[in-house]
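1. Please find the sequence and the predicted model below.
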Amino acid sequence: MQFTLADLETIVAARAASGDTKASYTATLAARGVEHVAKKLGEEATETVIAAVSQDDASLVSESADLLYHLIVLLQVRKVPLADVMAELGRRTSQSGIAEKAARPDASGAGTHDE
Ligand SMILES: N=c1c2ncn([C@@H]3O[C@H](COP(=O)(O)OP(=O)(O)OP(=O)(O)O)[C@@H](O)[C@H]3O)c2ncn1[C@@H]1O[C@H](COP(=O)(O)O)[C@@H](O)[C@H]1O
């Protein structure tokens with residue numbers, strides 16, 4: 001069976017709850033709080049961007065895994081279930097991203113999706 005983000009969320013929740021900062025990187029991150037985890041997530045996002053534009057596929061896969069892991073830890077520290085994120089993504093499948101952006105209250109009708 002394929003490993004899923006929900007499986008990772010279960011592992012991360014258990015490791016964060018363990019408080020075992022000697023044995024668990026997750027526990028170390030969680031103990032340092034949301035601001036530290038958010039900073040790490042930003043660093044991993046930057047490393048993923050660099051891999052995307054200038055490194056090979058293996059590097060992009062590795063940096064993407066780091067990015068998703070740190071996002072799961074951030075959600076855990078904020079006590080936001082991954083299921084809430086998946087439900088939001090599921091809700092969005094009812095329309096295209098372009099239609100969604102045009103329907104926003106602040107949409108001016110000008111501009112493109114790249115802005
Ligand atoms: N998927 C991951 C995962 N991806 C990345 N990392 C860690 O994220 C860190 C990123 O490296 P960096 O160089 O950016 O950070 P660092 O310099 O090591 O750390 P800082 O001092 O900067 O905080 C490394 O220590 C990686 O080992 C992960 N650590 C844990 N997991 C998963 O979480 C599970 C539990 O891990 P522990 O909590 O460590 O038991 C593991 O079995 C994995 O399934």
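-> Yep, it's here. Numbers count the residues shown, from 1 in each chain.
2. Can you report phi and psi for the residue positioned nearest the centre of the chain?
-> Geometric centre of the chain, nearest residue: residue 71, 3.2 Å, by C-alpha atoms, centre = their mean. For residue 71, the backbone dihedrals (degrees, to the nearest 10) come out as phi -60, psi -40.
3. can you list the residues of the chain near the ligand?
-> By the rule C-beta under 6 Å from any ligand atom, the part of the chain lying against the ligand is 11-12, 15, 24-27, 40, 65-66, 69. Every residue, glycine included, has its C-beta placed from N, CA and C.
4. 5 Å - rerun?
-> 11, 15, 24-26, 66, 69 (C-beta under 5 Å from any ligand atom).
5. okay if I get those residues as TSV plus secondary structure, pLDDT and neighbour count?
-> Below are those laid out as TSV (DSSP: H, G, I helix; E, B strand; the rest coil; pLDDT from 0 to 100; neighbours: other C-beta atoms under 10 Å):
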residue	secondary structure	pLDDT	neighbour count
11	helix	98	13
15	helix	98	20
24	coil	98	18
25	helix	98	11
26	helix	98	25
66	helix	98	18
69	helix	98	20
